[in-house]
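Colleague: Got a predicted model here, sequence first, then my questions.
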Amino acid sequence: MAGVDGAAGDAELTGGPPDRLAELLAGPVAQAAPGLLGADLTAHGVRLRITEVEAYGGVGEDPASHAHGGPTRRNEVMFGAAGGLYVYFTYGMHWCANVVVGPVGEAAAVLLRAGEVREGHLLARARRPTARTDRELARGPARLTVALAIDGAHNGTPLWGPGPVRLRLPEHPTEAVTVCRGPRVGVANGHERAWRFWLADEPTVSGYRRHAPRRR
């Protein structure tokens, strides 16, 4: 696996995502999401392993998605090329990071909910001084972006190549038996979909919270 300052192997290609990543992100979002579990995400001196994600669909298809009502200035990155980083601000205080999935114009994305910090612990701890243990450094979508120093300036960034945020799939895909699924956290509409995926027995996974009357 690449170090925090190292190149990401075949992900250095500049014309688009490397073949294996491109193939994964071209598929339906509910299939692509669990495929990102175990992947490395590197930004600003910190590398983590993705341990929890949620899938969100497109226009008229997923009432919990930002894209459900069509394109806006806020969600336009979701309608772009697969492999882009969609970053949005929520509750007036938190940034959340998503990986764009599917063909241009279809607007699907995978929310990165949690990760295990593998490198750059000192930086992550400095950014997350309230974390009591290392497993809490990126446990939850807002904590994940803080640990990686991801914010709105990264919205639309490609996740391959030499950019500030880089995604690399694991050399060996996570076996299905290690992946759990269930309803998404804190959404009212579409809460019945089991579109949240996480690695079994992984202490960095965030706790489930029943749906509330809000849209993601």
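Modeller: Right, received. Where do you want to start? All of these numbers come straight from a predicted model, not from anything done at the bench.
Colleague: how about the helices in the chain?
Modeller: Remark: helices assigned in the chain by DSSP state H are 19-26, 29-35, 121-127, 141-148.
Colleague: Mind pulling up the pLDDT for Ser65?
Modeller: Note for Ser65: predicted pLDDT of 86.
Colleague: thinking again about what came up before, reformat the helices of the chain into CSV and put distance to Phe89, mean neighbour count and mean pLDDT next to each item.
Modeller: Glycine gets a C-beta too; all of them are placed from N, C-alpha and C. Formatted as CSV, the helices of the chain follow (distance: least, C-beta to C-beta, whole Å; neighbours: other C-beta atoms under 10 Å; pLDDT from 0 to 100):
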stretch, distance to Phe89, mean neighbour count, mean pLDDT
helix 19-26, 24, 18, 93
helix 29-35, 22, 22, 95
helix 121-127, 17, 16, 98
helix 141-148, 10, 24, 98
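Colleague: Quick one: the strands in this structure, in order.
Modeller: Under the criterion DSSP state E, the chain contains strands at 40-43, 46-56, 85-90, 94-101, 108-119, 165-168, 179-182, 196-199.
Colleague: among these, which is nearest Thr130?
Modeller: Closest approach to Thr130 among those (C-beta to C-beta): strand 94-101, 13.9 Å.
Colleague: Give me the helices and strands touching the closest one, please.
Modeller: helix 19-26, helix 29-35, strand 85-90, strand 108-119, helix 141-148 (3 or more C-beta pairs under 8 Å, 6 or more residues apart in numbering; DSSP states H and E).
Colleague: tell me which residues of it are tucked away?
Modeller: Trp95, Cys96, Ala97, Asn98, Val99, Val100, Val101 (16 or more other C-beta atoms under 10 Å).
Colleague: Looking at those residues, spot the one nearest Ala107.
Modeller: Val100 (8.2 Å).
Colleague: can the helices and strands packed on strand 94-101 go into a markdown table with extra columns for distance to Arg73?
Modeller: Converted to a markdown table, these look like this (distance: least, C-beta to C-beta, whole Å):
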| stretch | distance to Arg73 |
| --- | --- |
| helix 19-26 | 23 |
| helix 29-35 | 22 |
| strand 85-90 | 11 |
| strand 108-119 | 16 |
| helix 141-148 | 20 |
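Colleague: Gly163 is nearest to which of those?
Modeller: The nearest among the helices and strands packed on strand 94-101, by C-beta to C-beta, is strand 85-90 at 8.9 Å.
Colleague: what does that closest one contact?
Modeller: Contact with strand 85-90 is made by 66, 74-75, 77-78, 95-100, 109, 142, 145, 150-152, 154-159, 165, 216, as judged by C-beta atoms under 8 Å, 6 or more residues apart in numbering.
Colleague: sorry, back to before: Phe197: which of the helices and strands packed on strand 94-101 is closest?
Modeller: Nearest of the helices and strands packed on strand 94-101 (C-beta to C-beta): helix 29-35, 4.3 Å.
Colleague: re the thing from before, quick one: which of the helices and strands packed on strand 94-101 is nearest Val179?
Modeller: Of all the helices and strands packed on strand 94-101, helix 29-35 comes closest under C-beta to C-beta, at 5.1 Å.
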